[in-house]
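S.K.: any chance you could fold what I've pasted below:
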Amino acid sequence: MPPRVPTQGFSSFIAFYSCSRQVAGIGSRAFSIYRSRCLRTPTANSQHLVRAGRITDKRTLHATAPCRAPKNPYEVLGLKPDASAADIKKTYFSLARKYHPDTNPDKNARDKFVEIQEAYDILKDDKKRAAFDQYGSASQQQGFDPNAFSGGGFPGFGGGGFGGGGFARGGFSGFEDLGAAFGAGRRGSSDLFEQLFGASAGRTRGSGFSENVRGADIEAAVNVSFLDACKGTKKKVSYSPVINCTSCSGTGLKEGAKRSTCTTCNGSGTQTFVIDNGFHMASTCRTCSGTGSTIPRGSQCSTCGGVGKVRTTKTIDVDIPAGVEDGMSIRVSNAGDAAMSGKGSAGDLLVRVNVAPSKVFKRQGSNLYHEIRIPFYTAILGGRVRVPTLDGDVDVRVPGGTQQGEEMVLKGRGVPSVYGGSNGDLFVAFSVGLPRSLSKRQRELLQAYTDDMEGRHSSTAGPTDSSSGRTSQDSNESNSKVDNGTTSFTRSSPSHGDWMSRMWQRIRGLIGF
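M.R.: Numbers count the residues shown, from 1 in each chain. Next up is the predicted model:
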């Protein structure tokens, strides 16, 4: 016979639903706010009031016995609220092995093991953990819904808070209406019990609760150079997953031993409780965790202590695709932790890629950016410079008159896209460098250029011929003696364009360009 669980609150809820009354010659089942059962005979000492053929309690409000709130999972596991998933898992395995009832003879070990399991069930689930962090222990109570009353108020009990059904409809016609009153809509009695007691409430004896839960994911990190991230490479990654114990093949039994039927649930994997009003409620067996069998004392594997899982160190080769960016994660399927129960698949390995910065390039998506410094005479006259790329240096022609900060785009010289498609571009920005000091001759030439551009008469000597060292005047006088002295030429000043051309030729000769 399943144990009976007294629940005052649930008893009142059933009485609240099932009571009926006879109204002035009209036979109909309707709602009356009773605390006790309807068919209750009044006595002389009772304080019931008999009005219009109805038996009611003088006390219409009652105090429901509070439910036991689960303990703080962080305190149970001895962790801080900001503990990582890896720390939570590591602590859980350590405590589970220590307080497992099959290995710990202490009479309180079983209760402690149950607390550890409940705490881990909350913290391993991101949604449950977030709900606990926000709402506390109330978030783990049956039927908790933070949005339960967000659909409207309570006027007439027909608002969105109760799903639009309920009292305003003039009575219930069955479990469908009862479900509608609590936001369930018309889904039937089986859905109602799943909503009140969990999705497993409708399971029959022998079906069990041991599910094929997928193993947990593991995170690891790998460092790569900037060039390897752009070109792609292969790296070795070491990590520590949970795997099936090789000594017992994951059974938790020593050689020759066998599991025995769980004496608590008789092999069903579930425990059934009878509530005061005859309703049955089922839950996972806490002794066998839903498997229906346990490991006899003294039959545990010496390697894993009966858990069936051990933590080991693995090293695998991971392909780093070309174009991967800093902070991206590469998923390696089925390389994570093994499933803790059932025959679920292993989790995945998430490899976080840390890309080292480059001293040459800056990256933005698939595009690269590089700044190159050029001398001022190259910016003015033009020329060729060497520009670094991912495939080596290339020659680039700098057009004359290039300004400070101007960019040149080298198509397809960027990074391949990790999602596929063409390469990005390389943007080359020019930085014009100015000399910190000038020789006397360079200063005179630049001063002459400045005077000419500003329309002033140059106070310096005229530019010399770099090949003969003679002045322009000497050159012109010698030219007048050509043609056997038969023709005489009058010395004249050279035109502005000829003078500028010769001056820049001499400047280029002086600076070696």
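
S.K.: give me the contacts around stretch 380-397.
M.R.: Stretch 380-397 is contacted by residues 227, 230-231, 360-361, 368, 370, 372, 374, 378, 398-402, 408, 410, 413, 415, 426, 428, 504, 508, 513 when judged by Cβ atoms under 8 Å, 6 or more residues apart in numbering. (C-beta placed from N, C-alpha, C; glycine too.)

S.K.: which among those residues count as buried?
M.R.: Applying 16 or more other Cβ atoms under 10 Å to those, the neighbour count classes 230, 361, 368, 370, 374, 378, 398, 402, 408, 410, 413, 415, 426, 428 as buried.

S.K.: what strand or helix carries the fifth one?
M.R.: Counting by DSSP states H and E, the secondary-structure element that holds residue 374 is strand 367-375.

S.K.: pLDDT on the next helix-or-strand element following that strand, on average?
M.R.: Heading C-terminal from strand 367-375, the first helix or strand you meet, by DSSP H and E, is helix 376-381. Taken as a whole, helix 376-381 has a mean pLDDT of 90.

S.K.: could you give me the buried positions within helix 376-381?
M.R.: For helix 376-381, by 16+ other Cβ under 10 Å, it's 377, 378, 379, 381.

S.K.: neighbours around residue 359, how many?
M.R.: 6 (other Cβ atoms under 10 Å).

S.K.: what about it, distance to residue 423?
M.R.: 21 Å (Cβ to Cβ, to the nearest Å).

S.K.: cool, and residue 456?
M.R.: Counting by Cβ to Cβ, the gap from residue 456 to residue 423 is 53 Å.

S.K.: give me the more crowded residue out of these two.
M.R.: The neighbour comparison of residue 456 against residue 423 (other Cβ under 10 Å) goes to residue 423, with 19 against 10.

S.K.: ok, the more buried one touching residue 410?
M.R.: No: using Cβ atoms under 8 Å, residue 423 makes no contact with residue 410, being 10.5 Å away.

S.K.: how many residues are close by residue 252?
M.R.: Residues lying near residue 252 (other Cβ under 10 Å) number 25.

S.K.: that one: what's it in contact with?
M.R.: Residue 252 touches 245, 295, 300, 301, 304, 306, 307, 308, counting by Cβ under 8 Å, 6+ apart.

S.K.: most neighbours of all those, which one?
M.R.: residue 295 leads the contacts of residue 252 on contacts (other Cβ under 10 Å) with 25 neighbours.

S.K.: pLDDT at it, what is it?
M.R.: Note on residue 295: pLDDT of 88.

S.K.: so it versus residue 103, what's the distance?
M.R.: 9 Å.

S.K.: residues shared between the contacts of these two?
M.R.: Residues touching both residue 295 and residue 103 (Cβ under 8 Å, 6+ apart) are residue 306.

S.K.: before we move on, the earlier item: and the two most separated of the contacts of residue 252?
M.R.: Distance extremes for those: the farthest pair is 245 and 295 at 12.6 Å, using Cβ to Cβ.

S.K.: nearest residue to residue 334 other than its sequence neighbours?
M.R.: Nearest residue to residue 334 in three dimensions, chain neighbours excluded: residue 346, at 4.7 Å (Cβ to Cβ, 6 or more residues apart in numbering).

S.K.: in contact with that neighbour, which residues?
M.R.: 214, 215, 241, 334, 335, 336, 337, 338, 339.

S.K.: now do the second one: how many residues are near it, please.
M.R.: Looking back up the chat, that one is residue 215. Quick note: residue 215 (other Cβ under 10 Å) scores 21 neighbours.

S.K.: would it count as being in a helix?
M.R.: No: per DSSP: H, G, I helix; E, B strand; the rest coil, residue 215 lies outside any helix segment and is coil.

S.K.: residues contacting it?
M.R.: 242, 336, 337, 338, 339, 340, 344, 345, 346, 347.

S.K.: quickly note the distance from it to residue 238.
M.R.: Residue 215 is 19 Å from residue 238, where distance means Cβ to Cβ.

S.K.: equivalent analysis for the last one, please.
M.R.: As judged by Cβ to Cβ, residue 339 and residue 238 stand 22 Å apart.

S.K.: for the two, indicate the residue with more neighbours.
M.R.: Using other Cβ under 10 Å as the criterion, residue 339 and residue 238 rank with residue 339 on top: 21 against 10.

S.K.: so for residue 128, what's the nearest residue that isn't a sequence neighbour?
M.R.: Using Cβ to Cβ, 6+ apart and skipping residues adjacent in sequence, the residue nearest residue 128 is residue 122, 4.8 Å away.
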